[in-house]
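Engineer: With the sequence up front, the predicted model follows.
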Amino acid sequence: MKKKWPVFSKLFIMVVAATVLLSPGALPGTASATEGGGGAYPNGAEDFMTGALPPPGTYFKNYLTYYTASDFKDGNGNDLIPDFDLKVTADVLRFIHVTNCKILGANWAVHAFIPLTYQDVKSGGDSDDRFGLGDIIVNPIILGWHTKNFHVTAGLDIYIPVGTYDEDRLANLGRNYWTFEPVLAMTYLNDSGFEVSAKLMYDFNTENDDTNYESGQEFHTDLTIGYHINKSWAVGIGGYYYDQTTDDEQDGVKVGSDGFEGRVFSIGPVAQYSYRNMSFTLKWQSEFEARNKPEGDKFWFNLVYAF
């Protein structure tokens, strides 16, 4: 398998480049980072077969992730916050139901995410930590189309701000605003086992009423290129690309003189083992080229169970 990795790497870079060129963030204009330098979606969550809606039935997916970052980068890639250290552990429970109903030739499904999160933050000599429920995600209309080798899924994820939030705290489990996220996921899997998957998302954020801060719109994508060795094992490389496309505003005024530009890339190995009605995925994603965001490493252990 070692001989295959250089090929995967080249293809992954090509997909990232194409995504950047086609994304709204590649157009002229000023980009900015969301409030606090974060985002509603945990980038990098999806991987193999992300565009393939499963057959009718009920499914449970558990995302266990750990993120650590000791740098918060400014718009030039230099350290922005002294003594910065961020550690986040999250266990996200996702429930999916795929119906037998057809809409526009696609299977109709619904899902919900319930995140439990622990966050530990140190910044400029201050520190804070928090554990509890994060913002819940629901989607009442997910549509999945299938051909022999190509799969497409589309939907609208809605982030409901139920997580705890206090503008005076460093550690916040919720973002205190709604996010509406159109999603388009695609998977190509050929007969030899080669796979390319991408999940493209675009976020529209409402205003944070406590701070009068409205985070700009965000484009981001999870990407995976892999090879299915057999029915049990798949390996590859994956990661994500994030770029915000409109300015943040506070009290109706653009934040900063030239915007608070936000961007980050990541890449790393991913492996999956499937057994009967279950699958287990391990992956590591290392961030680079961060702008006005934390830059660190993310680790995942994901479980899928089909009832």
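Structural biologist: Here it is on my side, so go on. Residues are numbered from 1 along each chain as shown.
Engineer: In contact with Cys101, which residues are there?
Structural biologist: Applying Cβ atoms under 8 Å, 6 or more residues apart in numbering, we find Cys101 in contact with Asn107, Trp108. Where you see a C-beta, it was placed from the backbone N, CA and C, and this is true even at glycine.
Engineer: Is it correct that it falls within a strand?
Structural biologist: Yes - residue assignment for Cys101, taken from DSSP: H, G, I helix; E, B strand; the rest coil, places it within a strand.
Engineer: pLDDT at it, what is it?
Structural biologist: Model confidence at Cys101, expressed as pLDDT, equals 97.
Engineer: next one: Ser32
Structural biologist: Value for Ser32, per-residue pLDDT: 40.
Engineer: change the start of the numbering to 56 and stick with it
Structural biologist: Sure thing, new numbering starts at 56, so read that last one as Ser87.
Engineer: separation between the residue nearest the centre of the chain and Asp264?
Structural biologist: Taking Cα atoms, centre = their mean, the centroid of the chain lies closest to Asn98, which sits 2.2 Å from it. Per Cβ to Cβ, to the nearest Å, Asn98 is found 26 Å from Asp264.
Engineer: close enough to count as contact, Val147 and Leu188?
Structural biologist: No - using Cβ atoms under 8 Å, Val147 makes no contact with Leu188, being 11.0 Å away.
Engineer: what pLDDT, on average, does the helix or strand hosting Ile292 get?
Structural biologist: Following DSSP states H and E, one finds Ile292 within strand 288-299. Strand 288-299 shows a mean pLDDT of 96.
Engineer: what do you get for stretch 178-193?
Structural biologist: Mean predicted lDDT for stretch 178-193 stands at 94.
Engineer: Could you work out the end-to-end span of that stretch for me?
Structural biologist: 32 Å (Cα to Cα, to the nearest Å).
Engineer: got the buried residues for that stretch?
Structural biologist: Of all the residues in stretch 178-193, those buried under the rule 16 or more other Cβ atoms under 10 Å are Ser178, Arg185, Gly189, Asp190, Ile191, Ile192.
Engineer: returning to what we had before: of all the residues in the strand holding Ile292, which ones are buried?
Structural biologist: Counting neighbours by 16+ other Cβ under 10 Å, strand 288-299 gives Ala289, Val290, Gly291, Ile292, Gly293, Gly294, Tyr295, Tyr296, Tyr297, Asp298, Gln299 as buried.
Engineer: again, but for stretch 238-255
Structural biologist: So for stretch 238-255, counting by 16+ other Cβ under 10 Å, buried means Val238, Ala240, Met241, Thr242, Leu244, Phe249, Glu250, Val251, Ser252, Ala253, Lys254, Leu255.
Engineer: what's the answer for stretch 343-353, then?
Structural biologist: Ala345, Arg346, Asn347, Lys348, Pro349, Glu350, Gly351, Lys353.
Engineer: Isn't the first one up against Gly132?
Structural biologist: In this case it means Ala345. Yes - Ala345 lies in contact with Gly132 (Cβ under 8 Å); the separation is 7.2 Å.
Engineer: so what sits against both of the two?
Structural biologist: Common neighbours of Ala345 and Gly132 (Cβ under 8 Å, 6+ apart) do not exist.
Engineer: which stretches of the stretch 206-355 of the chain have low pLDDT?
Structural biologist: 312-314, 316 (pLDDT under 70).
Engineer: Could you rerun that using 90?
Structural biologist: Along the stretch 206-355 of the chain, the parts satisfying pLDDT under 90 run over 225, 270-271, 299, 301-317, 347.
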